[in-house]
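[1] using only what follows, build the 3D model:
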Amino acid sequence: MRKILKYAALALLLLVIIGGVTLYMMARPDVARFSTAELSGRVPVMASQKVETFPTINVPEATSWPAGTTPRAPEGLSVAPFAAGLDHPRTILVLPNGDVLAAEAQSPPRGDSGIEGWVMKKLMGKAGAGGTSANRITLLRDTDGDGKADVKSSYITGLNSPYGMALVGDTLYVANTDALLAFPYVAGETKMTGKAKKVADLPAAATNRHWTKSLAAAPNGWLYVGVGADSNIAENGMRAEFRRAAVLEVRPDSGYVRTFTAGLRNPVGLAFHPTGGRLWTVVNERDMLGSDLVPDYLTDVTEGDFYGWPWYYWGGFIDHRVPPDTEDRRQYVKRPEYGLGAHTAPLGFTFTQGLDLGDRWSNGALIARHGSWNREPVAGYDVVFVKFGANSKPLDALPITFLDQFLAPDGKTTRGRPADVQVAKDGSALVADDTGGVIWRVAKAD
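    Now for the predicted structure:
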């Protein structure tokens, strides 16, 4: 009997050791084999899939900018605060008179519960997010032309996690997380006096996995809204993803809404090319295929395009974690134009028309890469420039760093995180730093 108990105890111990080793192997971080540069450009490396039971978690802790420090710009450019003391400035809209609107917002309350919700809350807090949303749009004005906003006014309050903004004629459109609103715009006013009119409902879910609703206006006044998926790979079923993972077209006169482009896991920034006329977006791709997959990207979108999510990525690579589609659409999957590195999290971007920083930065796009949370080593935390050619497409060249050092030298903390970039009326570049609470101004050095 004693021998039986002894062998049983040894067997149990062996099972515990095997289980512990297995759990460690499943949970240990996946270290990238390729650099962000190799995972960027028109033909990025497509690494082999490394399906993760637990995601690689590598979240630099949010701190603040030490006194007298700024992000770093290339030689010949200077960086200084245009406005500080903001509460998570996420997007910027430059108005025709030079005023700047900043949407100050965070995620609405999340519906995630249990262990996943607890972990997500902790990660967001460490990254400098997860607080109460300011739910406002602030107007900033530089009255004396010194490159600093000396007027700061709560322009619109009482919103619901506002993100996208667009001005069409005398109507200012604001995309809340759950609805598209229209306000009567009067140039020069520092506070919105008109009442909001709801144009259309927008997809919103209790989990708020991707809550941002980006916005761009076409020359004909129609509006385009970027809506992210409410999941990683549609694990809750495609019914939960109705009009999500898509760019929606909204016709404001009638409130008509339709899906314009589909299969984009999280299309965030939206902008029309100034000469090519096409609509472009930056997309955050899926997670838990390893530190090298899948590259986030910049691409143009046209009516009826399908980019593959959740079944495929990058023009037809199969995500075997997803049950096959009822209709095989692999041959119709459009390939993105330009890779931006895996897990770099591109958010806002702009074309550089009107930018007065030298020829090096002309005819291209500036992209704010918010930074990774699930890659080893981390990636992003910068603003990069992608050069375009005469055909209104990106050149076959790597991104050029425009602004960096949001990540501290230790690589374990952040001073801020770039969320948007726009061209100011004076030709400088404005960069929204959400966790830093700053809008930085990049101009020619004196």
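[2] mind listing what's buried in stretch 399-416?
    For stretch 399-416, a neighbour-count test (16 or more other Cβ atoms under 10 Å) marks 399, 402, 403, 404, 405, 406, 407, 408, 414, 415, 416 as buried. From N, CA and C alone the C-beta is placed, and that goes for glycine too.
[3] and it, how far out from the chain middle?
    Between the centre of stretch 399-416 and the centre of its chain there are 16 Å (Cα atoms, centre = their mean, to the nearest Å).
[4] give me the subset of the buried residues of stretch 399-416 lying in strands.
    Among the buried residues of stretch 399-416, the members falling in strands (DSSP state E) are 402, 403, 414.
[5] distance of the second one relative to residue 187?
    Yep, that's residue 403 we're talking about. In this view, residue 403 and residue 187 are 30 Å apart by Cβ to Cβ, to the nearest Å.
[6] also the last one?
    Relative to residue 187, residue 414 is positioned 37 Å away (Cβ to Cβ).
[7] repeat for the first one
    Plainly put, residue 402 is 30 Å away from residue 187 if you go by Cβ to Cβ.
[8] wait, what's in contact with the residue nearest to the spatial centre of the chain?
    Nearest residue to the geometric centre of the chain (Cα atoms, centre = their mean): residue 347, 2.6 Å. Residue 347 sits next to 90, 212, 268, 269, 282, 368, 369, 370, 418, 419, 420 when contact means Cβ atoms under 8 Å, 6 or more residues apart in numbering.
[9] rerun at 7 Å
    268, 269, 368, 370, 419, 420 (Cβ atoms under 7 Å, 6 or more residues apart in numbering).
[10] ok, residue 267 next?
    Residue 267 neighbours (Cβ under 7 Å, 6+ apart): 226, 228, 247, 281, 283.
[11] one more: residue 259?
    Contacts for residue 259 (Cβ under 7 Å, 6+ apart) come out as 243, 246, 248.
[12] in the helix or strand where it lies, what's buried?
    Residue 259 is located in strand 256-262, with elements delineated by DSSP states H and E. Neighbour-count burial for strand 256-262, counted by 16+ other Cβ under 10 Å, picks out 257, 259, 260, 261, 262.
[13] same check, this time on stretch 186-205
    Counting neighbours by 16+ other Cβ under 10 Å, stretch 186-205 gives 192, 196, 199, 200, 202, 203, 204, 205 as buried.
[14] look at the nearest residue to residue 32 once chain neighbours are set aside and say how many residues are nearby.
    Distances taken as Cβ to Cβ, 6 or more residues apart in numbering put residue 291 closest to residue 32, at 3.8 Å, once the chain neighbours are dropped. When neighbours are counted by other Cβ atoms under 10 Å, residue 291 registers 25.
[15] this protein: helices as residue ranges?
    In the chain, the helices defined using DSSP state H lie at 2-27, 114-126.
[16] lowest average pLDDT across the ones you listed?
    Mean pLDDT per stretch puts helix 2-27 lowest among the helices of the chain, at a mean of 45.
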